[in-house]
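*Asks:* Coordinates only, no sequence provided:
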């Protein structure tokens, strides 16, 4: 058999392999997941939308999604003390209270401290914690170095939990802790986790720490940049100290006050509000989104 024939057979085999990656768009209709919202219990639920046709006018109009897009992997990024963990915990408790199983991977805080924090969130939201705590399963990567340092071990552990408990919501706080001293591997680690969450049909929040030296209003940073280019949507949290007379005049707040800001920085799966919003962490430790920044400046 001439060597050219072997080369031809090899090329033919490769061609068939690549053909499997080609599909007509119309063939995907039955495979595409339904688009609806997974509530966070905050005003974020009004900030994602889909488009529908008005039957009377025949024109396109927005339809509020009612939460994060179903099966979206969402990055929550910000400098320290901007409310990232608060939002993640609030989301987890709200979903558990609705009867859904939640997988919470804690990378920063040991599980017993996470327990106290989740319990306080539940009480502040008016939920009976004893009725929802069975719906939250925790992987303590803060304590177990093998899970924290080896992404394959983490994925195998998450796979076990998803199969055993039937979890449909995943929260990782924070994904930056999985590569904080080996940033060259950041994209590889995030991509593996993202692909796994997609395969297992999880709606997920990934908390991403951002260096304070990076632009506070952007998603850039060792963690932020690695995650933002891969995930389906990024929510940027920021805080601004009122430190000048100009700030005092603009924000109508006294010197020394802190303004907290939130923005959805892109979403591949649905439309989204593109404005910057002012939010507070209220006296009970909950995220409370108040008003658009542009409205405050106008007034």
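*Replies:* Nice, I can see it. All values reported here derive from a predicted model rather than from experimental measurement. Numbering: from 1, shown residues only.

*Asks:* so where is the stretch 101-250 of the chain shaky, pLDDT-wise?
*Replies:* Scanning the stretch 101-250 of the chain for pLDDT under 70 picks out 211-226.

*Asks:* need the strands for it, in chain order.
*Replies:* 102-106, 136-140, 169-173, 203-209, 233-241 (DSSP state E, counting those that start in this stretch).

*Asks:* strands paired with the first one, and their directions?
*Replies:* Strand 102-106 has the following strand partners under DSSP bridges: strand 136-140 (parallel), strand 169-173 (parallel).

*Asks:* from the ones you listed, which stretch is densest packed?
*Replies:* Highest mean neighbour count among the strands paired with strand 102-106 (mean count of other CB atoms under 10 Å): strand 169-173, with a mean of 25. C-beta: built from backbone N, CA, C; applies to glycine.

*Asks:* Touching that one from outside, list them.
*Replies:* Here strand 169-173 makes contact (CB atoms under 8 Å, 6 or more residues apart in numbering) with 38, 84-85, 88-89, 91-92, 95, 100-109, 158, 193, 197, 202-207.

*Asks:* And stretch 187-205, by the same measure?
*Replies:* For stretch 187-205, contacts defined as CB under 8 Å, 6+ apart pick out 33, 38, 68-74, 76, 87-88, 91-92, 103, 151, 154-155, 158-159, 162, 167-172, 175, 178-179, 206, 226-227, 229-231.

*Asks:* Show me which residues of it are buried.
*Replies:* 189, 190, 191, 193, 194, 196, 197, 200, 202, 203, 204, 205 (16 or more other CB atoms under 10 Å).

*Asks:* Over to stretch 160-176?
*Replies:* In stretch 160-176, the ones that count as buried by 16+ other CB under 10 Å are 161, 162, 167, 168, 169, 170, 171, 172, 173, 174, 175, 176.

*Asks:* Next, give me the two most distant ones among those.
*Replies:* 168 and 176 (24.1 Å; CB to CB).

*Asks:* where along the stretch 51-200 of the chain do the helices fall?
*Replies:* 84-97, 111-124, 129-132, 145-149, 151-165, 186-199 (DSSP state H, counting those that start in this stretch).

*Asks:* okay, those helices, which one's buried deepest?
*Replies:* Comparing the helices of the stretch 51-200 of the chain by mean neighbour count (mean count of other CB under 10 Å), helix 84-97 ranks first with a mean of 24.

*Asks:* just how off-centre is that helix within its chain?
*Replies:* Chain-centre distance of helix 84-97: 11 Å, with CA atoms, centre = their mean, to the nearest Å.

*Asks:* what's the answer for stretch 235-242, then?
*Replies:* 17 Å.

*Asks:* And the contacts of that stretch?
*Replies:* 44, 74-79, 81-84, 87, 216-219, 247-248, 251, 253-265.

*Asks:* can we see that at 6 Å?
*Replies:* Stretch 235-242 is contacted by residues 76-78, 82-84, 216-217, 219, 248, 251, 253, 255, 257-265 when judged by CB atoms under 6 Å, 6 or more residues apart in numbering.
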